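Novice: No letters, just coordinates:
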């Protein structure tokens, strides 16, 4: 009987295949008490398994393919850090030594305790890291059972010994396979490209979970947060994974199967058509030139940006150079030379195209290293010491970054972007420190280049005082993710109010429209660099509002370009005005 399971759409595309199930190791853990003379042996079992997992992940890091998404390397670092987490290690020892729990019981008990701490965190991204802890515990449990990765490449027919999945599926090894699991770790994801799985679905996970992030970067159809999918779906069931709608269709009828097979082929043809647009100028039907820029996290991401046809980098998130360094055995903060080399690499990787470097956007809610959280409790971290507030609170650190950016600007076009400004005093402090950084380089005789200065508009206060900002800055960049959250007072991580997070709310659209209009009136540059920039449902509206610069994940550039070349920007102006005046703008976007 056909039935559907709804989850979260996190990676576009459609995958059709027979299900290979991977059960959660935690669901099958024995619970028993051990004798006093067995305590040391139980502790040793956990230590040996943990060391085996550490060695496995370290080996995967060493053998990381050149084309592996950079997110994977960062996520493997997170898992290594969690494996060394003192609260996990000492907690397991406590349960074995003091309560006489067996090793598996002690490990899962300590996991539950730490998991509750993650649940209480305010920040959505940090709360999602609970999934990484769960994946680490799963790998340790599998190691204790002698079970390997669930995403090992399957043996092909005639290759000798059959794998477990071959035996399960018998004569179906030539058909496409999809993976259904409670969760999939980054280390397992690394093997996804070498496996025969064409898509996956998990019970847990959110749009900002590491599994979702990697799936998007690898362009794998995926649905996460499908609750009890791994219990409802049976081994070898036919499953359709609709990564566009966030739906799993189990045991589809021939008619449904044919319909989705057609959609799948259409998707493949669409990707081929989009690829032909790579070298097509980004011009509207009425001749308006539109910049399509890339958002990147690390210098090596520039290769993907160039490949996608980006005409520059609209957002280089420099904070990724600062994060999780202590777990890698590096100094707590990158020094000036290290940052300079990273920025220079990105600039040279864009071959003369402009690169916009955002100063570090990090703070109390997004610590440099997990241990930095200490015992502090941040009642409302999204409104705390973060971004430019954090930088201004540590002038030596900020000056180091500013000097590195200015030096890198000698090698190409650089725009310097400052996040989360709201006050005139913050603007003046920031500009003063930039002047101070230039003076320090002058006194050393160190060469540096010119930079255009820009500010992020992501706080309503900034959007309402545009004339102040445009007196000091050459361009503005609208960070729609935070602007929506702050305008509507919505915590996207709170399921009770997440449905109220609305990019099309009239107040949000008015702030965006006014920012674009004021910048255009004053001849200053303006771009959108949030999720809205890569959402093709919003492209026509943004064009109608006068936006001519979009910055997004490289994978979205060609889809947005298709919307651009089909649009008449002049004719869209009156329609955009109607959308702004509407009480239900989202309804007009569907017209």
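Specialist: On my side now, so go ahead. All values reported here derive from a predicted model rather than from experimental measurement.

Novice: what ranges do the helices span in the stretch 201-350 of the chain?
Specialist: For the stretch 201-350 of the chain, the helices defined by DSSP state H, counting those that start in this stretch cover 210-218, 229-232, 254-275, 302-307, 336-349.

Novice: Using JSON lines, lay out those together with distance to residue 6 and mean neighbour count.
Specialist: Yep, even glycine has a C-beta here, placed from its N, CA and C like the rest. Compiled in JSON lines, those are given as follows (distance: least, CB to CB, whole Å; neighbours: other CB atoms under 10 Å):
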{"stretch": "helix 210-218", "distance to residue 6": "16", "mean neighbour count": "23"}
{"stretch": "helix 229-232", "distance to residue 6": "10", "mean neighbour count": "19"}
{"stretch": "helix 254-275", "distance to residue 6": "16", "mean neighbour count": "13"}
{"stretch": "helix 302-307", "distance to residue 6": "31", "mean neighbour count": "19"}
{"stretch": "helix 336-349", "distance to residue 6": "40", "mean neighbour count": "19"}
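
Novice: closest one to residue 15 among the ones you listed?
Specialist: helix 254-275 (7.7 Å; CB to CB).

Novice: Against which helices or strands is that closest one packed?
Specialist: Contacting helix 254-275 under the criterion 3 or more CB pairs under 8 Å, 6 or more residues apart in numbering; DSSP states H and E are the following elements: strand 14-22, strand 238-242, helix 557-565.

Novice: Taking their axis directions, it and strand 14-22 sit at what angle?
Specialist: Calculated by axes from the mean of the first three to the mean of the last three CA atoms, to 10 degrees, helix 254-275 forms an angle of 110 degrees with strand 14-22.

Novice: can you tell me the average pLDDT over helix 254-275?
Specialist: When pLDDT is averaged over helix 254-275, the result is 90.

Novice: got a list of contacts for it?
Specialist: Residues outside helix 254-275 that contact it (CB atoms under 8 Å, 6 or more residues apart in numbering): 2, 13-16, 238, 240, 242, 249, 252, 558-559, 561-562.

Novice: And the buried ones among those, selectable in ChimeraX?
Specialist: Selecting only the buried entries of the contacts of helix 254-275 in ChimeraX, with 16 or more other CB atoms under 10 Å as the criterion:
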select :13,14,15,16,238,240,242,249,252,558,559,561,562
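
Novice: Adding distance to residue 301, write the contacts of helix 254-275 out as a markdown table.
Specialist: A markdown table is the format used below for those (distance: CB to CB, whole Å):
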| residue | distance to residue 301 |
| --- | --- |
| 2 | 41 |
| 13 | 21 |
| 14 | 27 |
| 15 | 26 |
| 16 | 31 |
| 238 | 37 |
| 240 | 32 |
| 242 | 28 |
| 249 | 35 |
| 252 | 38 |
| 558 | 17 |
| 559 | 18 |
| 561 | 19 |
| 562 | 23 |
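
Novice: if I look at residue 530, how far off is residue 553?
Specialist: With distances taken as CB to CB, to the nearest Å, residue 530 is found 11 Å from residue 553.

Novice: before we move on, what about residue 488?
Specialist: In terms of CB to CB, residue 488 sits 24 Å off from residue 553.

Novice: Include mean pLDDT and distance to residue 39 when you put the helices and strands packed on helix 254-275 into TSV, please.
Specialist: Output for the helices and strands packed on helix 254-275, formatted as TSV (pLDDT from 0 to 100; distance: least, CB to CB, whole Å):
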stretch	mean pLDDT	distance to residue 39
strand 14-22	86	32
strand 238-242	95	45
helix 557-565	95	58
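
Novice: Residue 96: which of the ones you listed is closest?
Specialist: strand 14-22 (27.4 Å).

Novice: by contact count, what packs against the closest one?
Specialist: Looks like strand 14-22 contacts helix 164-169, strand 177-181, strand 197-202, strand 238-242, helix 254-275 (3+ CB pairs under 8 Å, 6+ apart).

Novice: Neighbour count: residue 530 and residue 553, which is higher?
Specialist: Higher neighbour count among residue 530 and residue 553: residue 530, with 23 against 19, using other CB atoms under 10 Å.

Novice: Please name the spatially closest residue to the more buried one (chain neighbours excluded).
Specialist: Distances taken as CB to CB, 6 or more residues apart in numbering put residue 480 closest to residue 530, at 3.1 Å, once the chain neighbours are dropped.

Novice: next one: residue 429
Specialist: residue 392 (5.4 Å).

Novice: if I pick residue 544, what's in contact with it?
Specialist: Contact analysis of residue 544 by CB under 8 Å, 6+ apart lists 569, 572-573, 575-577, 579.

Novice: let's go with 7 Å and repeat that
Specialist: The contact partners of residue 544, by CB atoms under 7 Å, 6 or more residues apart in numbering, come to 569, 572-573, 575-576.
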